[in-house]
Structures are given as structure tokens and as C-alpha cells.
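*Asks:* Sequence and predicted structure are below.
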Amino acid sequence: MEEASEQNQKQKKSVPVLPWMRSPIDVTLIDECPLNLLPFLDPRLEVALQKMGVTSLFPVQVGVWQETIGPGSFERDLCINSPTGSGKTLAYVLPIVQMLSTRAVRCLRALVVLPTRDLALQVKEVFSAIAPAVGLSVGLAVGQSSIADEISELIKRPKLEAGICYVPEAPLVHLQSSVDILVATPGRLMDHINSTKGFTLEHLSYLVVDETDRLLREAYQSWLPTVLQLTRYSDGDLRSLFPHTGIFLPSTFGSLKTIRRSGVERGFKGKAYPRLVKMVLSATLTQDPSKLAQLDLHHPLLLTTGQRRYRLPERLESFQLICESKLKPLYLVALLQTLQGEKCIVFTSSVESTHRLCTLLNFFGDLQIKIKEYSGLQRQSVRSKALKAFRAGDIQVLVSSDAMTRGMDVEGVTNVINYDIPAYIKTYIHRAGRTARAGQAGRCFTLLRKDEVKRFKKMLQKADNNSCLVYSVPSDSIELLRSAYTAALEKLKESVESESYKKRKIKLKSSRMVIQKELNNSKV
Ligand SMILES: Nc1ncnc2c1ncn2[C@@H]1O[C@H](COP(=O)(O)OP(=O)(O)OP(=O)(O)O)[C@@H](O)[C@H]1O
């Protein structure tokens with residue numbers, strides 16, 4: 001009786017507050033669809049998809065296609081809650097590219113926002129694989145190159161006649177977008193909105209917010225309200241809000257502006273009503289009404305998988321390894337040895353422990369495994385190099401902070417190891433989701449202290465297909481590693497000391513420079 005009421009209580013809790021979330025489209029009821037049976041697919045895109053190795057669309061992609069190109073015709077904004085690796089990227093890339101394929105003039109029509117640079121690069125690759133087939137151009141605004149280089153990629157300068165100089169301060173009527181689709185991180189997007197001449201969101205028709213719950217967690221310089229304002233307000237309002245942007249509003253794309261501003265809102269049966277179509281996606285989409293309200297969704301439709309809010313990939317196997325805290329590195333090494341060079345990502349709880357663990361593993365004698373670090377503590381170039389080597393298979397193990405948790409798609413990752421227990425089910429889902437992608441098999445191991453087992457079990461109960469077997473490492477393989485561990489710890493200690501000495505030296509040098517500068521100034 002008590003159990004039944006507890007069950008009721010749990011079910012009650014999981015019912016979303018927002019009414020439209022209570023009647024979703026269940027993607028598990030949709031079948032894959034071979035490309036040749038997909039209604040209205042542009043034959044040029046079919047060829048491009050085949051070149052990518054795509055012969056049929058995954059269920060979530062079919063579901064989104066039906067609501068965009070199919071009978072749904074982009075009538076409603078879409079919220080897509082679908083497991084990691086289920087193909088959410090192509091789910092939005094394909095219909096957007098198909099819709100824009102008939103464009104007559106180049107201008108920025110679709111904007112995709114992602115929380116990190118590496119994720120944006122990944123999504124740009126997917127667009128770039130199919131968009132050129134229909135004559136569309138894709139840009140990137142992530143701060144990978146200098147702002148000047150980025151601007152020259154995004155904005156077309158007028159072709160100058162012989163003897164005529166281009167004057168940057170001149171009226172901006174000739175500046176045009178070089179891209180139809182832009183993939184951006186919020187910071188760089190705001191840089192362009194605030195200061196790039198000729199950059200306008202005036203013609204934007206599609207906005208994709210990928211990894212929505214992550215992006216809604218932080219304001220990121222208020223990028224979302226800014227984008228919504230820029231696509232909603234009349235020109236007069238815009239000019240007062242963004243004086244710089246306003247300069248080129250009046251006549252840059254006069255005719256196009258008219259098309260967008262008086263575009264017919266399909267959901268309103270022919271009434272003139274300008275609207276930006278939005279698609280928001282995550283494997284752990286928020287149900288929080290106040291967070292979702294920020295998106296100002298129009299008649300939203302939820303596409304989700306199954307009954308529960310969280311779902312792990314179909315072919316993911318979860319294991320727990322119970323060990324003493326001080327023996328964790330030994331258990332990890334023993335586990336890596338049994339995995340024999342398979343591609344693994346090891347997650348830790350912080351950038352500092354990522355660095356320490358990676359250093360320790362590399363001091364561990366003759367492991368015959370190439371191990372590198374990937375964390376927010378590193379410079380972007382170092383991080384990207386490690387990722388590239390991992391993708392190429394030159395590195396087998398990537399020790400990572402949560403910088404790698406979301407969205408990253410690396411082919412052939414067969415194992416994820418939680419060296420530190422994730423604090424939330426969402427984190428577990430995103431970490432585990434770096435394996436078992438696109439219908440492949442994968443394993444997720446979590447190292448636990450005895451006192452963490454109960455909490456971990458409770459956390460996993462929040463997800464579908466949550467069974468977690470105990471994985472045991474033979475005690476003799478731990479014993480064999482003990483002496484190498486002691487030596488590695490010794491080296492780690494030395495390395496930590498030398499690093500902190502170097503840091504202190506750099507700090508001292510820079511504070512001396514500041515003092516010297518002030519002295520010089522005071523002489524003047
Ligand atoms: N129709 C398809 N056929 C074959 N492979 C596909 C198809 N769609 C996507 N993939 C592949 O599946 C993998 C996962 O896709 P994607 O990165 O879009 O997943 P996701 O749902 O966005 O995952 P996450 O939530 O982790 O970001 C990618 O390697 C992608 O190339």
C-alpha cells in the first residue's frame with residue numbers, strides 16, 4: 001500500500017507543469033525511414049547524405065522532418081528531448097537546409113547557438129557536408145580565428161571598381177552576409193551583434209538552441225533576449241536598442257525585409273505575423289516553465305522518447321566498480337589494462353583533478369596506452385589538438401573534465417569511465433552518452449566508494465533502462481600495480497611542486513612588471 005502511494009507520488013512529480021509537455025510525440029513509436037522513401041527530400045541532399053554514409057533517417061530525424069518539411073510545415077516551435085547519440089544534429093540540419101535551398105538572395109536566415117566552440121565546430125561540419133549541395137554557405141562565429149578574419153568570412157565587402165577605395169565609415173548599403181547559416185557560440189555572436197558592420201539578424205527565419213538546458217543555465221551576455229528582440233522589434237525600436245545595428249537597417253535588403261516582416265504565419269491561418277521558427281534540443285531538456293519562458297516559444301510541440309524524462313542509449317551497458325578511495329587510481333589502471341587500448345574517456349570532477357590524474361597515469365610505467373588531458377584549464381589550441389589526436393586514434397584515453405560531457409561526438413569511443421561519481425543524473429546521461437552513439441554498443445563504468453553506492457543507485461533510477469551491474473577487478477592485478485603506483489605518486493608530487501614553483505615565478509614576474517610600470521608612470 002505504502003509502496004503504491006510512493007509510486008503515485010513519483011509519477012505525480014514527473015508530470016510536467018506545462019500542459020503542452022503532457023501530450024508529446026513519442027519518438028519511440030516512429031520507425032527509421034530510408035532516404036528514398038522520405039517525402040519531399042531534395043535529390044541533391046539525398047546524394048550529399050549518402051556521401052556522408054547516411055542511408056536512412058533515425059526516428060527523431062523522421063519525427064522532426066514530419067513536423068517541418070512534412071505535413072507539419074514548421075507550424076509550431078519544436079522542443080526535442082531525445083537521448084544522446086540519437087541524431088539530433090541532423091534532425092535540425094536537414095530540414096533547415098532543405099527549407100533554405102530555394103533562397104534567391106544570400107542573407108543570414110538560420111542561426112544555431114551552442115555552448116562551446118568544439119561543439120559548434122562539430123555542428124558546422126554537419127551543415128558543411130550537405131548545405132553546399134544546394135548552394136548554401138555556412139559560417140562559424142566561435143572565436144577560433146581573430147575577429148577580423150571571422151568578419152571577412154561572414155560579411156561580403158563590395159567589389160571595388162578600379163581607382164575607388166573602400167571607406168569603412170561609408171554607408172553600409174553594400175555590405176552583405178556571405179553566409180546563409182551561422183553556427184555560433186553566444187559570446188562571439190554578441191561580439192558580432194554589437195560591433196560588426198553589416199552583421200544583421202533581420203532576415204533570420206530559424207533559430208536553433210542546441211544543448212538548451214545548458215545554454216539557459218547562464219545568461220551569456222543576454223544573447224537570447226538580444227536575438228529575440230532583434231528579430232521581433234520594428235526597425236525604429238531596433239535603432240534605439242542597438243544604435244550600431246540600426247545604421248544598416250533601412251535599405252540593406254529592402255525587398256527581403258518586406259518578405260520577412262510580412263511573412264505569413266502558418267499557425268495563424270493566413271494572418272500576417274512575423275515569426276522566427278525555433279527548435280530547441282537536449283538529451284535532458286528542462287521542464288522548468290520559467291526557463292522555457294525565456295525562449296518565447298510559439299505553440300510548442302514536444303518530441304520525446306518514452307515515458308520517462310531521461311533515457312539512456314539503448315545499447316549502453318552500465319557498470320559500477322566499488323573500491324576504496326585511495327585505491328581508485330589502481331582500479332582505473334587495472335580497468336584500462338583490461339580494455340586493451342579501446343577508446344575511452346575518463347571523467348573527473350574538476351579541471352584540477354583531470355590534470356593530476358592524467359599526469360599520474362602518464363607516470364605509471366609501461367602502460368602502452370596513450371593518454372592525454374582535455375579540460376577547460378588548457379588553452380583552446382592545446383585542447384583542440386588533443387581532441388584531434390583522440391579522433392584520429394593516436395590517443396586511446398582522454399582524461400576529461402566536464403568540458404567533454406555534452407554533445408561531443410567521437411567515433412569509436414567504446415567506454416566511458418566516471419572516475420568521480422557525477423553529481424546529477426543529467427551529468428551521468430551526458431557523460432555516458434559519449435559512447436553507445438548512433439545505435440552502437442558502449443559501456444559506462446563508474447568508480448564508487450562503498451558509501452556512494454546508495455546515492456548512485458537512487459540517481460540512476462531517474463532514467464529509463466538504468467540497470468547497473470557490479471564489475472570486479474581481480475585483487476592480484478591490483479597487487480601487481482602497487483609498486484608502479486608508489487613510484488608514480490612520487491613523480492606526481494615532484495611535478496606538482498615544480499608546477500607550483502613555475503606558477504609562483506610567473507606571478508612574481510608579472511607583479512614586478514606592474515610595479516615597474518607604475519614607477520615609470522609616476523616619474524612622468
Ligand atoms: N541517419 C543517420 N545515419 C547514420 N548515422 C547517423 C545518422 N544521424 C546521425 N548519425 C550519426 O550519429 C552520431 C550521433 O549524432 P548526433 O551527434 O547528432 O547525436 P545527438 O543526439 O546530438 O547526441 P548528443 O545529445 O550527445 O549531442 C553522429 O556520429 C552522426 O554522424
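*Replies:* In hand now; what should we look at?

*Asks:* Who are the contact partners of the closest residue to Arg437 other than its chain neighbours?
*Replies:* Counting by C-beta to C-beta, 6 or more residues apart in numbering, Arg437 lies nearest to Gly85, which is 2.9 Å off, once chain neighbours are set aside. All C-beta atoms are positioned from the backbone trio N, CA, C, and that covers glycine. Gly85 makes contacts with 313, 409, 433, 436-438, 440, as judged by C-beta atoms under 8 Å, 6 or more residues apart in numbering.

*Asks:* Any chance of CSV for these, columns secondary structure and distance to Leu281?
*Replies:* Shown next, in CSV, are the contacts of Gly85 (DSSP: H, G, I helix; E, B strand; the rest coil; distance: C-beta to C-beta, whole Å):
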residue, secondary structure, distance to Leu281
Pro313, coil, 16
Asp409, coil, 14
Gly433, coil, 13
Ala436, coil, 19
Arg437, coil, 15
Ala438, coil, 16
Gln440, coil, 21
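
*Asks:* so which of these comes closest to Asp118?
*Replies:* Of all the contacts of Gly85, Asp409 has the smallest distance to Asp118: 10.2 Å, by C-beta to C-beta.

*Asks:* That closest one and Gln122 touch, don't they?
*Replies:* Yes. The pair Asp409 and Gln122 qualifies as a contact (C-beta atoms under 8 Å) at a distance of 6.0 Å.

*Asks:* ok, now which ones touch Ser56?
*Replies:* 32-35.

*Asks:* Keep only those of those that are in strands.
*Replies:* Residues of the contacts of Ser56 located in strands (DSSP state E): 33-34.

*Asks:* about what we covered before: residues shared between the contacts of Asp409 and Gln122?
*Replies:* Thr89.

*Asks:* Now the element after the lowest-mean-pLDDT helix or strand in the chain, going C-ward?
*Replies:* The weakest-scoring helix or strand in the chain, judged by mean pLDDT, DSSP states H and E, is helix 254-261 (a mean of 35). Remark: after helix 254-261, the chain's next helix or strand is strand 277-282, criterion DSSP states H and E.

*Asks:* what pairs with that next one, and is each one parallel or antiparallel?
*Replies:* Paired with strand 277-282 in the same sheet, following DSSP bridges, are strand 78-81 (parallel), strand 206-210 (parallel).

*Asks:* Give me the angle between the helix or strand just after the first one and strand 206-210.
*Replies:* This means strand 78-81. Note on strand 78-81: by DSSP H and E, the next helix or strand toward the C-terminus is helix 88-100. Relative orientation of helix 88-100 versus strand 206-210 (axes from the mean of the first three to the mean of the last three C-alpha atoms, to 10 degrees): 170 degrees.

*Asks:* Local confidence estimate at the closest residue to Ala438 other than its chain neighbours?
*Replies:* Of all residues not flanking Ala438 in the chain, Gly85 sits nearest, at 5.5 Å (C-beta to C-beta, 6+ apart). pLDDT for Gly85: 97.

*Asks:* quick one, domains of the protein?
*Replies:* Here the domain parsing of the chain from the TED database is 19-158+174-233+270-304, 316-500.

*Asks:* May I see these arranged in TSV, with distance to Ile506 as well?
*Replies:* Below are the domains of the chain laid out as TSV (distance: least, C-beta to C-beta, whole Å):
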stretch	distance to Ile506
domain 19-158+174-233+270-304	24
domain 316-500	11
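
*Asks:* Gln516 is nearest to which of these?
*Replies:* Across the domains of the chain, closest to Gln516 is domain 316-500 (C-beta to C-beta), at 24.5 Å.

*Asks:* Ends of that closest one, what's the gap?
*Replies:* 41 Å (C-alpha to C-alpha, to the nearest Å).

*Asks:* any idea how far it is from the chain center?
*Replies:* How far domain 316-500 lies from its chain's middle: 21 Å, per C-alpha atoms, centre = their mean, to the nearest Å.

*Asks:* Could you see whether the ligand lies near it?
*Replies:* Yes. Against the ligand, domain 316-500 shows contacts by C-beta under 6 Å from any ligand atom at 407, 409, 433, 437-438.

*Asks:* same question, stretch 40-51
*Replies:* No. Shown here: stretch 40-51 not in contact with the ligand (C-beta under 6 Å from any ligand atom), separated by at least 7.7 Å.

*Asks:* Enumerate the positions of that stretch that are buried.
*Replies:* Burial within stretch 40-51, assessed by neighbour count using 16 or more other C-beta atoms under 10 Å, is assigned to 41-42, 44-46, 48-49.

*Asks:* returning to what we had before: closest to the ligand out of the contacts of Gly85?
*Replies:* Comparing these against the ligand with C-beta to the nearest ligand atom places Ala438 closest, at 3.2 Å.

*Asks:* Please name the residues that touch that closest one.
*Replies:* Counted by C-beta under 8 Å, 6+ apart, Ala438 has contacts 58, 85-87.

*Asks:* With Arg406 instead?
*Replies:* 115-116, 119, 211, 214, 430.

*Asks:* So which of those belong to helices?
*Replies:* Among those, the ones falling in helices (DSSP state H) are 119, 214, 430.

*Asks:* check which helix or strand covers Lys517.
*Replies:* helix 475-523.

*Asks:* residue boundaries of the strands in the stretch 301-450 of the chain?
*Replies:* All strands of the stretch 301-450 of the chain, identified by DSSP state E, counting those that start in this stretch, fall at 301-304, 316-322, 343-347, 371-374, 397-400, 413-418, 442-448.
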